[in-house]
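Q: Please find the sequence and the predicted model below.
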Number of protein chains: 2
Amino acid sequence: MTKLFVKTLREDPADAEVDSHKLLVRAGYIRRQAPGIYAWLPLGLRVLAKVERIVRQEQDRIGGQEVRFPALLPAEPYQASGRWVDYGPNMFRLEDRKEAPMLLAPTHEEVFTLLVKDMCSSYKDLPLMLYQVQTKYRDEARPRAGLLRGREFVMKDAYSFDVDDAGLDRAYEAQREAYQRTFDRLGLDTVIVSAMSGAMGGSRSEEFLHPTPVGEDTYVRSAGGYAANVEAVATVAPPPRPIEGLPPAHVEPTPGTTTIETLVDAANQDQPRADGQLWAAADTLKNVVLAVTQPSGERGLMVVGIPGDRDVDPVRLAAAVFPAEAEPATDEDFASHPELVRGYIGPAVLGANAPDPAKAVPYFLDPRVVAGTSWITGANAVDQHVFSLVAGRDFLAAGQEGQPVIDVAEVRAGDPAPDGSGPLEMARGIELGHIFQLGRKYAQALDLKVLDRNGKLVTVTMGSYGIGVTRAVAALAEKYHDERGLIWPVHVAPAHIHVVATGKDPAIFAAADDLATSLEETGLEVLYDDRLGVSAGVKFADAELLGVPYILVVGRGLASGVVEFRDRQAATVLELPVADAATVTAATVTAALQSS
Amino acid sequence: MTKLFVKTLREDPADAEVDSHKLLVRAGYIRRQAPGIYAWLPLGLRVLAKVERIVRQEQDRIGGQEVRFPALLPAEPYQASGRWVDYGPNMFRLEDRKEAPMLLAPTHEEVFTLLVKDMCSSYKDLPLMLYQVQTKYRDEARPRAGLLRGREFVMKDAYSFDVDDAGLDRAYEAQREAYQRTFDRLGLDTVIVSAMSGAMGGSRSEEFLHPTPVGEDTYVRSAGGYAANVEAVATVAPPPRPIEGLPPAHVEPTPGTTTIETLVDAANQDQPRADGQLWAAADTLKNVVLAVTQPSGERGLMVVGIPGDRDVDPVRLAAAVFPAEAEPATDEDFASHPELVRGYIGPAVLGANAPDPAKAVPYFLDPRVVAGTSWITGANAVDQHVFSLVAGRDFLAAGQEGQPVIDVAEVRAGDPAPDGSGPLEMARGIELGHIFQLGRKYAQALDLKVLDRNGKLVTVTMGSYGIGVTRAVAALAEKYHDERGLIWPVHVAPAHIHVVATGKDPAIFAAADDLATSLEETGLEVLYDDRLGVSAGVKFADAELLGVPYILVVGRGLASGVVEFRDRQAATVLELPVADAATVTAATVTAALQSS
């Protein structure tokens, strides 16, 4: 500790919101260089290396072969795949001195595809699983939570190449199992959730989420075993209902009802339900105006019609419009569309329902707005709403020809799981891994073909498999800590045992020196607090903050022939005779290492 | 080999000039992604990892502590140090989505300085040696020779921090010795040459060059032990000579003598020397007009006066004007300076010799143009030269007040070493390492101070120490190969032993399987050519190209109970009884590993 490049901080960094971020900075594991960009200090780098090693071992075990691509790449392959445009401002771009467009790669599908195209020509060269552990770049709009959402980060990305779908299924399954083993070994429990493919393209895709309230990702699960990222939850649409016999639509004055709440109140007061029950927000159809910007920069409006008891979920919306981006319409947008009467917008002026559909703002409906559902909604005039407006009679219903559906309303606890496995509950998690069946998207775009068994050229099918390695370090810190500091699992700890000498007595330091040396000679990694003139209190606080899971304290007890063995995770303290201390400690720590 | 991701090529890549580049591509170690930017394939990555390991071990041995900085950094610290401007187009620059200027770091002096400023406050925290093994970026104008001059490359960069000069000397010496051990262990002989500090700033600086004709760097050495990069060779200026008694200057017609050669011929014909000897190029003073562009973009002219038997060395010139850049003056430049009569330029119109020095083009003289030297040079009129123009009498001599000296003439074999150790000879080498005594340049620019023993704030003094790790792999390939392929030293080879099964006999493959397994069980890394239906000739050619240093061939000899053990470096072939083959091979290879 007298030589180690570390400085502990008593105060949380001002920009830190989550415990892992606070503790990794305070314990001197990482230091911020720019938003979402960190330097790794000696203790942090050791943990990172141990995590990387476990990740590599599990990739090697399933036949993965390690390669390493540059982070800096030419634009061409990403232009060919379309991601040069699709990634929008999330990709770091630059020009070299010859003005050639380049990028800092967010992932490497394109160049892996081209490499395999260069190296392989026959089904005999496949199946193939390649991976790298490498620095990636993503220009996040809102980097936050330390390593949890960074702009430069270490990722393990693997890519599988197969001649047929069955091969891809096998590769995907092998990675799925490798991921389970990897996270198990790391000590990070995960939930596997169905996910959207987003920028990657492709079909099947699952995320490995580590459940924690500080997670960036919201997901849902049912008691019956369903689990999905909120983006991937498909709303269960009710069956259409009979239209016949429903009362006709009628416009009513509803002064000052620009919100769902005021509208429901006014309706209950002035237009009570025939059945004596109360109108609820779910009886209203809310029409939300959004501005959508394409990756090309082109901007237009859209309106989303959803039941009034739900909001548009920005995460589901982002996934639905990807690669475009959506945001609430501005005053200017409304000004240029006088037919959109704020607070009183109704289907009659929207999409295919409008008098001139070609000129109307496109209209998308929530899947729940099936034929035969009856709504209170805007009458397209100030202080006017229409009652008993029936989908499929008075305006096009969700799913009817010419009426597009959009599934972006918030998912709520209690909603039914799409697979019928019961009501959903909400949870949050850290996305540690993401596996994709890419299929032939990249191989087609970049013309990767091989000769099959019959001498016919076939397009290769691919998978891509990512693990956020730096993020896994943060997840570990998030899971393994208490109010005093980090408590690493021993197999990823920066050292196996922390020897602390307290007081000023040279005999104590001599005994601690001996113990540290003996433990190192057994092959254990020892962090030794040999600082003179630092109080026992400061040393204990530092040891607890740094988070080496076992601490051996050599102090006043030495006079009576004992030292203290502390187990941070178990929160136990054991007195050991100094003569046995090295042997007992080494045995305990080695056993812990082997069982982990 | 049936599963390994490798494809050997029989043809050299079109863009490859040097053997290391040709062989690393042909043997499937690396693949080009963009000019100067390469991907590492499985075999290459293994070599790289082994080289990195040796580099790390020697840094750890001298107390270096490993950290890892981002490659992507904010511009501010580099603006503060001046390198944001000084690096010019050699630095990759970009803006993030918020238009913050960023860079891909060529080296990390600035951010290491800031990190130490953040973490250290007292002399007790020093001395400190930090290092990283990390990806660096330099936008070379002419990336070439594969890994020898890349734009993305792996570098080990270390930084030392001390309170005083004696500490810096100790750190510098420790790194110097660590470098010698590192290159010795890698199997790369090096010459340590004095160097210029260039963009780094600072005072003392040495390069570790691996001598090879394909090296990018020219250096000089003397039999007496002097060695320097050509940029760093200080010309030995002769002592001034007596001016008294020298004949007066006289202008003579010299029609059509715009080159030194034509001038010398004309002089010998029309103005023979008084002593009967012949005029030589060394008797003429050549005035070379150069355009100099500052990092700010400002452009101006300068004239360099050197003996006519030498040319300006572009490498020495670049170092002398750094961070500005020099190039030959253009027609336009001459047009705007009518006093510069092309082919007939003389001192009278230049610098302090001109009638109006403030308006004249600045004039720099070679150190050899001392007082009392007499020259034939331009008379600033077409077809006119002046004879017996004496430095210190007719124009300011090199070193006289008001007359700046520039040491940019080419260094030639036979020139005296500056330290008097004899004549110089020229050689070429690959720059593997560069160590710098930076002194206080960065600490001052970024205000890194600590309290000294007396409680006084002192500015920290720094060193910086680089090793080109990817370049070392290329240097190894350059040194260790023959016409058939690579021959890696065993401790950096991608595998220790290459087992080749030839023919189609299942008994051969069974025996080879057993041998490969036995050898792996001894802890050796085995590459096993288990391909069926590939001829022995192709397998041998591949094995020789790939360069694993020991090859065990299981083939027809098996019928008579023998296998072949080939040592690529020694070019020996040994028959081994198959029963002993694993034991003998393991012993031989293990011994080689231990002695290396």
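A: Cool, the structure landed.

Q: which residue does the stretch 251-400 of chain A bring closest to chain B?
A: Nearest to chain B in the stretch 251-400 of chain A, going by C-beta to the nearest C-beta, is A:Glu325, at a distance of 12.1 Å. Where C-beta positions appear, they are placed from N, C-alpha and C, glycine not excepted.

Q: so what's the residue in the stretch 51-200 of chain A positioned nearest to chain B closest to, chain neighbours aside?
A: Here the residue of the stretch 51-200 of chain A nearest chain B is A:Leu94; by C-beta to the nearest C-beta that distance is 3.7 Å. Nearest non-adjacent residue to A:Leu94, counting by C-beta to C-beta, 6 or more residues apart in numbering or on different chains: B:Leu94, 3.7 Å away.

Q: How about the secondary structure of the one you found?
A: On the three-state scheme (DSSP: H, G, I helix; E, B strand; the rest coil), B:Leu94 is labelled strand.

Q: sorry, back to before: quick one: neighbours of the residue nearest to the residue of the stretch 251-400 of chain A closest to chain B when sequence neighbours are not counted, just the number.
A: Leaving aside its sequence neighbours, A:Glu325 sits nearest to A:Thr293 (C-beta to C-beta, 6+ apart; 5.0 Å). A:Thr293: 15 surrounding residues under other C-beta atoms under 10 Å in any protein chain shown.

Q: And A:Thr293, how close does it get to A:Glu231?
A: 19 Å (C-beta to C-beta, to the nearest Å).

Q: before we move on, the earlier item: and the residue nearest to A:Glu325, what is it in contact with?
A: By C-beta atoms under 8 Å, 6 or more residues apart in numbering or on different chains, the contact list for A:Thr293 reads A:299, A:324-327.

Q: mind putting the residues you listed in JSON lines, distance to A:Gly187 and neighbour count included?
A: Output for those, formatted as JSON lines (distance: C-beta to C-beta, whole Å; neighbours: other C-beta atoms under 10 Å in any protein chain shown):
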{"residue": "A:Arg299", "distance to A:Gly187": "47", "neighbour count": "13"}
{"residue": "A:Ala324", "distance to A:Gly187": "40", "neighbour count": "18"}
{"residue": "A:Glu325", "distance to A:Gly187": "37", "neighbour count": "18"}
{"residue": "A:Ala326", "distance to A:Gly187": "39", "neighbour count": "20"}
{"residue": "A:Glu327", "distance to A:Gly187": "40", "neighbour count": "13"}
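
Q: Mind checking which of those are in helices?
A: Assigned to helices by DSSP state H, none of the contacts of A:Thr293 qualify.

Q: nearest to B:Thr2, of these?
A: Set against B:Thr2, the nearest of these by C-beta to C-beta is A:Ala324 (46.1 Å).

Q: my read: that closest one touches A:Ser296, true?
A: No. The criterion here is C-beta atoms under 8 Å, and A:Ala324 misses it with A:Ser296 at 9.2 Å.

Q: which ones are touching the residue of the stretch 251-400 of chain A closest to chain B?
A: By C-beta under 8 Å, 6+ apart, the contact list for A:Glu325 reads A:88, A:292-293, A:318.

Q: Leaving out chain neighbours, which residue sits closest to A:Ser421?
A: Closest to A:Ser421 by C-beta to C-beta, 6+ apart is A:Gly224, at 2.6 Å.

Q: how close does the closest residue to A:Gln180 other than its chain neighbours sit to A:Gly429?
A: Residue nearest to A:Gln180 in three dimensions, not counting chain neighbours: A:Thr190, with 7.5 Å by C-beta to C-beta, 6+ apart. Going from A:Thr190 to A:Gly429 by C-beta to C-beta gives 8 Å.

Q: Now the common contact residues for these two.
A: Listed as contacting both A:Thr190 and A:Gly429 by C-beta under 8 Å, 6+ apart are A:209-211.

Q: now, which of those lie within strands?
A: A:209-211 (DSSP state E).

Q: Can you tell me which of these comes closest to A:Phe153?
A: A:His210 (15.8 Å).

Q: Run a quick neighbour tally on that closest one.
A: Neighbour count for A:His210, taken as other C-beta under 10 Å: 25.

Q: and if you look at the one 3 residues further on?
A: Around A:Pro213 sit 9 other residues, with neighbours defined as other C-beta under 10 Å.

Q: Next: A:Gly537.
A: Look at A:Gly537: counted by other C-beta under 10 Å, it has 9 neighbours.

Q: what about it, is that helix, strand or coil?
A: Under three-state DSSP, A:Gly537 comes out as helix.

Q: how close does it sit to A:Leu558?
A: 18 Å.

Q: Outside of the lengthiest helix in chain A itself, list whatever touches it.
A: Scanning chain A for the helix with the most residues, using DSSP H, yields helix A:165-186. Outside of helix A:165-186, the residues within contact range by C-beta under 8 Å, 6+ apart are A:51, A:54-55, A:58-59, A:61-64, A:126-127, A:129, A:158, A:160, A:162, A:189-190, A:192, A:204, A:206, A:208, A:210, A:432-433, A:435, A:437, A:439, A:461-463, A:465, A:467, A:472, A:476, A:489, A:491-492, A:596.

Q: Could you tell me which of those count as buried?
A: Restricting those to buried positions leaves A:51, A:54-55, A:58-59, A:62, A:64, A:126-127, A:129, A:158, A:160, A:162, A:190, A:192, A:204, A:206, A:208, A:210, A:432-433, A:435, A:437, A:439, A:461-463, A:465, A:467, A:472, A:476, A:489, A:491-492, with burial counted as 16 or more other C-beta atoms under 10 Å in any protein chain shown.
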